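Participant: Sequence plus the predicted model coming up.
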Amino acid sequence: MKGYVLLKKDIRTVLRNRRELLWMIIVPLILLAANFYLQDQSLEVKVALVGNPAYLPTLEQRVQEAAASNIKLVIWPLSEPEAAKRLQAGAIHAYLVLQSREVTMYANLTETEGTVAQAIFTEIVRDSNQLRAMETLADLVADPESILLPISWQVVEVSQPVTSMGQLVYSSLFVIMGVMTAMSLGQQSISMERHKNTLISLRKSPLTDRQIVWAKVGAGLFSALLPLLAIVVLTGVILPAPFVTDPQFYLIIVSICFNSVALGVLIGSYVRGSNEGNGLRFLLTLPAMFLAAVPVVLPLWLERVSSIVPTLISAQIVRGYFAAGNEPAFGPIAYLILTGLVSVHLAARYLGREE
Amino acid sequence: MNAIITDGLTKTFVSKIGPTCAVKDLSLMIKANSIYGLIGHNGAGKTTTFMLLNTLLAPSKGSGWILGLDLLKDQKRIRRLTGLLTENLRLYDELTVEETLRFFADLYGVSRNIGELLQRFELDEWRRQQVGRLSTGMRKKVAILSACIHNPRLLFLDEPFSGLDPLAMQSLRDFIHYLLQYNEMTVIIASHNLRELADLCQEVGIMKEGRMVISGTLEKIKEKYGFYDYIELRVDAQPQGLEGLITTPAPGVISVLNRPENLQRVLAALTEQQIAVLDMQKQGAALEDVYQRVYQEVAQ
């Protein structure tokens, strides 16, 4: 109950800092809007086709859809050696090799255009697969050779496929915002108490160190989730893309926020100087920011490292969620919650650490 | 009864550059219901001593009893019975005065009539004011009230006078006297404001490099270091037969050592010789002088 007194005080303090709270909502909204505007206005995706385009019957319709969403999709047929040469030179962003039961995409995924091409054609192949199945059902007995099912869809050099442009941008920015803001809030909740000398007053009171740390995690979680919820509501009104309504997506967000706040609180408890704390925080969040924004194929050793660093896992979980068709990976979520709990435990231990 | 007894209390911090002894072999006795002043340069070990006595740091060596409780075993109970105002405590700028006091009262689980408390300490006018918008003196007052909201029997004040104007200082002095008189507290003050300490404290202790160099009443400390208080009397005639007992710093002024037996003899002689005393003043070394002498001697 004593921890609740501190939590209540912290939440009251957060709500009273209206200007700060407003900025936490406005700035990400401006970033999101600017990102949508820039991405949608200037994106020209050049894709070459190798093989018979008849294998993709919905291609024309998809090109029109892409044009309607301000993505200029340029497609033309080429021979495979020529397409490979142009991709190498950066003249095109991807090319498709179309065969009767297999579609392979060679895409430059370090470019946004390459990722967009991959995202668009993932949907095209999936849809054309279903449409073709319906259309050819009648011909099944007469001419089995013409059946395209199942089409094997393969993207070469793909690290983290995503299903649409909007989700790619959203997921990236959400991870960046969530992880960085939540961790900063967690760290500041302790370091500000230390800076104001009020941490000693709290530690001298009947509160235990564990209660102090849990109250700080609770308040940090509240501070991180409140602007996010406001952004979710406001984006539905302001921005052209509908937001994710799946409750499992919010489970991911809450676990990421909890983990990040707990890590921030741990940094705040362990580190005495704010510069050291900021450095440590950036070390943990900047790679996550990079991974979230730019889908790259990591070298094996880095992939191994990224599989244990919670902030990197946060970035991977969101991407993975969209790639797997909105199926959350409960293993990594459990890992985030577990490392969050360990962080809280360590933070309580380090809170009264002697200098 | 003693509020604090320590025996060889030592605190050593271990860091990358090696061990640093912040408090060395501190043996101390502070009477209950008194005001004790702790003096020393920056880094002398005053704050660490406060932390040790509030059980916020564990001693590396030695033992101690706070209000009869074992420093090493009764940490929770000691923390409930002590109040601590840390140096430069800034409180929570966003909370109002009333909310701040309510927060600390709730933390300690005490039901205090905050409104009455604010009225008694002339803060009622500012009860809905955010702490961040108060003057330094007012903030300090709120901070001290927060530190003793749970009615501690022992109050530690670290640099309570810093940044205060003369009026705020007077107000704080009155406040400390009030706590002592009505709440029967023992107050320990660490400060660089030696004049305030000399006026307020019954006993003082001087620390240097983690060691308590000397502790006791100001008079005893002065005598130990060769400083004596004198009583200067303005008289209407020069008394006779008091050679060796008085000096004459100016015509019509005699100076006598501030000791009861000396004073008694001089006043008896003046009465006998029908010499009128026109004015009387106490003259003596200030705590600053004693402090400097102590530091010089320890350095030598």
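Facilitator: Yep, that arrived.
Participant: so how far is stretch A:207-221 from its chain's centroid?
Facilitator: How far stretch A:207-221 lies from its chain's middle: 28 Å, per CA atoms, centre = their mean, to the nearest Å.
Participant: Which residues does it contact?
Facilitator: Residues outside stretch A:207-221 that contact it (CB atoms under 8 Å, 6 or more residues apart in numbering or on different chains): A:2-4, A:6-7, A:10-11, A:14, A:182, A:185-186, A:189-190, A:202-203, A:254, A:257-258, A:261-262, A:264-265, A:268-269, A:344, A:347-349, A:351-352, B:107. For every residue, glycine as well, the C-beta is placed using N, CA and C.
Participant: can you do 6 Å?
Facilitator: A:2-3, A:6-7, A:10-11, A:185-186, A:189-190, A:202, A:257, A:261-262, A:265, A:344, A:347-348, A:351-352 (CB atoms under 6 Å, 6 or more residues apart in numbering or on different chains).
Participant: Just the buried ones from those residues?
Facilitator: If you count burial by 16 or more other CB atoms under 10 Å in any protein chain shown, the buried members of the contacts of stretch A:207-221 come out as A:2-3, A:6-7, A:10-11, A:185-186, A:189-190, A:202, A:257, A:261-262, A:265, A:344, A:347-348, A:351.
Participant: where does B:Gly163 land in three-state SS?
Facilitator: Following DSSP: H, G, I helix; E, B strand; the rest coil, B:Gly163 is assigned to coil.
Participant: and the stretch 51-200 of chain A, which residues reach chain B?
Facilitator: The stretch 51-200 of chain A comes close to chain B at residues A:196-197, A:200, as judged by CB under 6 Å from any CB of the partner chain.
Participant: By neighbours, which of these wins?
Facilitator: Compared across these, A:Ile200 has the highest neighbour count, 23 neighbours, by other CB atoms under 10 Å in any protein chain shown.
Participant: Would you confirm that it contacts B:Thr86?
Facilitator: Yes - applying CB atoms under 6 Å, one finds A:Ile200 in contact with B:Thr86, separated by 5.0 Å.
Participant: Inside strands: which ones of the residues of the stretch 51-200 of chain A next to chain B?
Facilitator: If you go by DSSP state E, these have nothing in strands.
Participant: which regions of the stretch 151-300 of chain B lie under the pLDDT threshold?
Facilitator: B:285, B:299-300 (pLDDT under 70).
Participant: what's the pLDDT at A:Leu228?
Facilitator: pLDDT, the model's per-residue confidence, is 79 for A:Leu228.
Participant: Which residue ranges of the stretch 1-150 of chain A form helices?
Facilitator: Residue ranges of the helices in the stretch 1-150 of chain A, as given by DSSP state H, counting those that start in this stretch, are A:2-16, A:18-42, A:59-68, A:80-89, A:112-136.
Participant: Nearest residue to B:Phe103 in space, please, no chain neighbours.
Facilitator: A:Lys9 (5.1 Å; CB to CB, 6 or more residues apart in numbering or on different chains).
Participant: so how far is A:Arg194 from the one you found?
Facilitator: Note on A:Lys9: its distance to A:Arg194, by CB to CB, to the nearest Å, is 16 Å.
Participant: neighbour count winner among those two?
Facilitator: Neighbour count, other CB under 10 Å: between A:Lys9 and A:Arg194, A:Lys9 has more, with 23 against 17.
Participant: Could you measure from that one over to B:Leu95?
Facilitator: To B:Leu95, A:Lys9 is 7 Å away according to CB to CB.
Participant: and if you look at A:Leu302?
Facilitator: The value you get for A:Leu302 to B:Leu95, if CB to CB is used, is 46 Å.
Participant: With A:Leu280 instead?
Facilitator: 30 Å.
Participant: what does A:Arg12 give?
Facilitator: Taken as CB to CB, the span from A:Arg12 to B:Leu95 is 7 Å.
Participant: Same drill for these two, tell me which one is more crowded.
Facilitator: B:Leu95 (20 against 15).
Participant: If I look at the more buried one, what pLDDT would I see?
Facilitator: Here, the pLDDT recorded for B:Leu95 equals 92.
Participant: Need the nearest residue in space to it, chain neighbours excluded.
Facilitator: Leaving aside its sequence neighbours, B:Leu95 is closest to B:Val131 (5.9 Å, by CB to CB, 6+ apart).
Participant: and B:Gln274, how many residues sit next to it?
Facilitator: 8.
Participant: Am I right that it is in a helix?
Facilitator: No - if the criterion is three-state DSSP, then B:Gln274 is coil and not within a helix.
Participant: Report pLDDT for the residue nearest to B:Phe103.
Facilitator: On the pLDDT scale, A:Lys9 gets 91.
Participant: Distance check, it against B:Lys76.
Facilitator: 22 Å.
Participant: just the strands in the chain please.
Facilitator: Picked chain A for this. A:44-51, A:72-77, A:94-98, A:102-107, A:152-156.
Participant: try chain B instead
Facilitator: Using DSSP E, strands in chain B cover B:2-15, B:18-31, B:35-40, B:61-66, B:69-70, B:82-85, B:154-158, B:186-190, B:203-208, B:211-217, B:230-235, B:246-250, B:253-257, B:277-283.
Participant: What are the contacting residues of stretch A:90-105?
Facilitator: So stretch A:90-105 is contacted by A:45-52, A:55, A:83, A:86-87, A:106-108, A:111, A:113-114, A:117, A:121, A:125, A:151-155 (CB under 6 Å, 6+ apart).
Participant: Provide a list of residues in contact with whatever residue of the stretch 51-200 of chain A ends up closest to chain B.
Facilitator: With CB to the nearest CB as the measure, A:Lys196 is the residue of the stretch 51-200 of chain A nearest to chain B, at 4.1 Å. Taking CB under 6 Å, 6+ apart, we find A:Lys196 in contact with B:Arg90.
Participant: residues in the stretch 201-350 of chain A within reach of chain B, list them.
Facilitator: So the stretch 201-350 of chain A meets chain B at A:204-205 (CB under 6 Å from any CB).
Participant: Not counting its neighbours along the chain, what's nearest the residue in the stretch 201-350 of chain A positioned nearest to chain B?
Facilitator: The stretch 201-350 of chain A approaches chain B most closely through A:Ser205 (4.3 Å), counting by CB to the nearest CB. Once flanking residues are discounted, A:Ser205 sits nearest to B:Leu107: 4.3 Å by CB to CB, 6+ apart.
Participant: Correct me if wrong: that neighbour contacts A:Arg203.
Facilitator: No - at 11.0 Å, B:Leu107 does not count as touching A:Arg203 under the criterion of CB under 6 Å.
Participant: that older thread, TSV please, covering the strands of chain A and showing distance to B:Glu122 and mean pLDDT.
Facilitator: Shown next, in TSV, are these (distance: least, CB to CB, whole Å; pLDDT from 0 to 100):
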stretch	distance to B:Glu122	mean pLDDT
strand A:44-51	72	84
strand A:72-77	73	82
strand A:94-98	76	86
strand A:102-107	74	84
strand A:152-156	75	70
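Participant: Could I get the pLDDT score of the residue of the stretch 51-200 of chain A closest to chain B?
Facilitator: pLDDT for A:Lys196: 86.
Participant: mind giving me the domain ranges of the chain?
Facilitator: Went with chain A since none was named. Domain assignment for chain A, taken from automatic domain parsing, gives A:2-37+A:165-350, A:43-156.
Participant: other chain: chain B
Facilitator: Using automatic domain parsing, chain B is parsed into the domains B:2-222, B:228-284.
Participant: out of the ones you listed, deepest packed?
Facilitator: domain B:2-222 (a mean of 18; mean count of other CB atoms under 10 Å in any protein chain shown).
Participant: How far does it stretch from one end to the other?
Facilitator: 23 Å (CA to CA, to the nearest Å).
Participant: now do stretch A:98-117
Facilitator: 15 Å.
Participant: How far off centre is that stretch?
Facilitator: Offset of stretch A:98-117 from its chain centre (CA atoms, centre = their mean): 21 Å.
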